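**Q** Below are the sequence and a predicted model for it; my questions follow.
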Amino acid sequence: MQEKVEAQPILSMNSVEVLYDNVMLAIKGVSIQVPKGEMIALLGSNGAGKSTTLKAISGLLKAERGRVSRGEIKFEGTDITEMLAQTRVEMGICHVIEGRRVFEHLTPDENLTAAAPMGMSRSELNVEKEKIYNYFPRLAERRNSLSGYLSGGEQQMLAIGRALVTQPKLLMLDEPSLGLAPFLVAEIFGILQKINQEDGMSVLLVEQNALAALEIVSQGYLIENGRVVMHGTAEALKSNSDIQEFYLGGGEGTDFHNVKHYSRRKRWLS
Amino acid sequence: MDWIFLSELAINGALTGLLYSLFAIGLVLIYKASSVPNLAQGGLTMVGAYVVLALSHDAGLPLWLAIPLAAVIMFGLGFGIERVALRRLAGRPVVMILMLTLGLDIFLRGTTLAIWGGTSRSMELGVSYEPLFMGDIFISRIHLVGAGVAIGLFVAFMLFFRSRTGIKLRAIADDYMASWSVGISVERGVGLSWALASVVAVAAGVIWGEIQGVDQALSLLLLKGLTVAVLGGLDSILGAVVAGIILGIVENVGSDFLDPLVGGGSRELIVAAVLILTVMIRPHGLFGRHDIERV
Ligand SMILES: Nc1ncnc2c1ncn2[C@@H]1O[C@H](COP(=O)(O)OP(=O)(O)OP(=O)(O)O)[C@@H](O)[C@H]1O
Ligand SMILES: [Mg+2]
């Protein structure tokens, strides 16, 4: 942690707790930093609290009767914990939500228009659209068909493209690889990496597909049961035996597999 | 078969149908932006008519001023309804919002009854009741005016839904959460759709108030308006216009045949049959969007 103090992170989340319906504690003191211009992964199994963490950052918790009950979230030094989702998008945070939720009854072109900030002129919007169609040529081909009929991969590309129209400084993606063929995952991740390098856009990537995610990010956090249980560089995480075993599909396959699993889990949680 | 009489029935039916469309456009506007059928549209139409009367007959303003002013007031009322009542329900099951709009309709009816009483008042638009003859066919002038207003609004809203704001409203109807995620203000969008529907309610209230007088019965237009909106496809402005014309013709021509057989009242039966059959046979109506099922 010490070596990074000089550069202010674009996003820092300190000991954040989230309550749903005022009773269900979904994350229990999560602290995460996204350094400016870097790609960070947030890994963890089902129900760990990954999506909740992203929603706390984007302000979408309110729509699900959730709230940040402790801790603070800062974006470029400003406390955003209580801000409206809309204000955060204007500030440069965009959240590609779980499940490729494109506007199905709109065309891809209209999906992009819908996300345009009110102040963006028509010509600026057209430039932005062309840029996105360049990243995702498949979308350009189908720009005027109904988005509900696009393939899963195309819909994910559209969801990302739609987020890019808001011109985010921090793009957060919730399991973009879910249900996609490996070559599509590679294509989409490649484009994210390209945008990150060309425009300096910071990325916070939630993934269960740790193998693919750790290939493109610089650091990763592992979250379990609402807590960060591990944080390190992508290299360190890739070589960590626990991560290898549970998230990279590795492991020795010994007779003691289950026993080890249990004891390691316990260690993370304590 | 008397062809002149039949075409007179059909043409006047189509004109009356366009007046149903005028009402139904308000329903479609709200549905298009929030996927909620607004059961208070009848109440809003009635209030629209009362506000025009209050400004013209009670406050003495000329109609050309009273009507736009009423539109502005109703625009504000539409926004207010979202702010005060609907915002709390965003994201809740549609049934809840449906019940809320029903409650709102009853509330509006009660309010007008308390303020203006239940006696029917006339709008006095000043449109001549001299018969207008197209060849041998008699046409009502007020119906012609109303049909023109309906078509004007149709064109205006077709253009509106291609604009950036219009596209954002359609996006909201598709997915609230995704809309929030890209910074669309769902609350303001829903408010705007109610505001626009309330302006449409003024237009419908003035025309229908002129035709049948201004009283609480105006709110019952909801039944025919809803039938037209459902037949057209609830989220289609074009559908509302086409379905209005169809319902108007079927109702006018059909009742002329059926009334002697059943001894009156067949108009209601025809409207009911159209509504029920549409829901049963073609739930998304003539032009409504389908629920997309991905393979
Ligand atoms: N709207 C909600 N209301 C109540 N509890 C919720 C809500 N959303 C999530 N939770 C709970 O919060 C915890 C964390 O959920 P979250 O969706 O953040 O997990 P996740 O890591 O994204 O999981 P997945 O990989 O399955 O998407 C879970 O126990 C879940 O049941
Ligand atoms: Mg999740």
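**A** Noted; the coordinates are in hand. Ligands and ions are numbered 1, 2, ... in the order given.
**Q** pLDDT weak spots in the stretch 151-295 of chain B?
**A** Applying pLDDT under 70 to the stretch 151-295 of chain B flags residues B:292-295.
**Q** for ligand 1, what are the nearby residues on chain A?
**A** Selection of chain A residues close to ligand 1 by C-beta under 6 Å from any ligand atom yields A:20-21, A:24, A:26, A:44, A:46-52, A:64, A:208. (Each C-beta comes from the backbone N, C-alpha and C, glycine too.)
**Q** which SSE is A:Ile223 in?
**A** Here A:Ile223, judged by DSSP states H and E, is contained in strand A:219-224.
**Q** what packs against that strand?
**A** Of the remaining helices and strands, those touching strand A:219-224 by 3 or more C-beta pairs under 8 Å, 6 or more residues apart in numbering or on different chains; DSSP states H and E are strand A:24-35, strand A:39-43, helix A:210-216, strand A:227-233, helix A:234-239, helix A:257-269.
**Q** Just the angle for the first one relative to strand A:219-224, thanks.
**A** Which is strand A:24-35. Using axes from the mean of the first three to the mean of the last three C-alpha atoms, to 10 degrees, the inter-axis angle of strand A:24-35 relative to strand A:219-224 is 170 degrees.
**Q** now swap in the shortest one and tell me
**A** Per the same axes, to 10 degrees, the angle that strand A:39-43 makes with strand A:219-224 is 20 degrees.
**Q** can you count the residues close to whichever residue of the stretch 1-150 of chain B sits closest to chain A?
**A** Using C-beta to the nearest C-beta, B:Gly91 is the residue of the stretch 1-150 of chain B that sits closest to chain A, at 5.6 Å. Using other C-beta atoms under 10 Å in any protein chain shown, the number of residues around B:Gly91 comes to 14.
**Q** same question, A:Leu11
**A** Neighbour count for A:Leu11, taken as other C-beta under 10 Å: 22.
**Q** so what's the closest residue to B:Tyr129 other than its chain neighbours up against?
**A** Nearest non-adjacent residue to B:Tyr129, counting by C-beta to C-beta, 6 or more residues apart in numbering or on different chains: B:Arg141, 7.1 Å away. Contacts for B:Arg141 (C-beta atoms under 8 Å, 6 or more residues apart in numbering or on different chains) come out as B:Val127, B:Ser128, B:Tyr129, B:Glu130, B:Leu132.
**Q** Can you classify the residue of the stretch 1-150 of chain B found nearest ligand 1 by secondary structure?
**A** Nearest to ligand 1 in the stretch 1-150 of chain B, going by C-beta to the nearest ligand atom, is B:Gly91, at a distance of 10.4 Å. The three-state assignment at B:Gly91 reads coil, by DSSP: H, G, I helix; E, B strand; the rest coil.
**Q** now B:Leu218
**A** Secondary structure, three-state DSSP: B:Leu218 is helix.
**Q** what's the answer for the one 10 residues further on, then?
**A** At B:Val228, secondary structure determined by three-state DSSP is helix.
**Q** Kindly report the same for A:Pro117.
**A** Going by three-state DSSP: A:Pro117 is coil.
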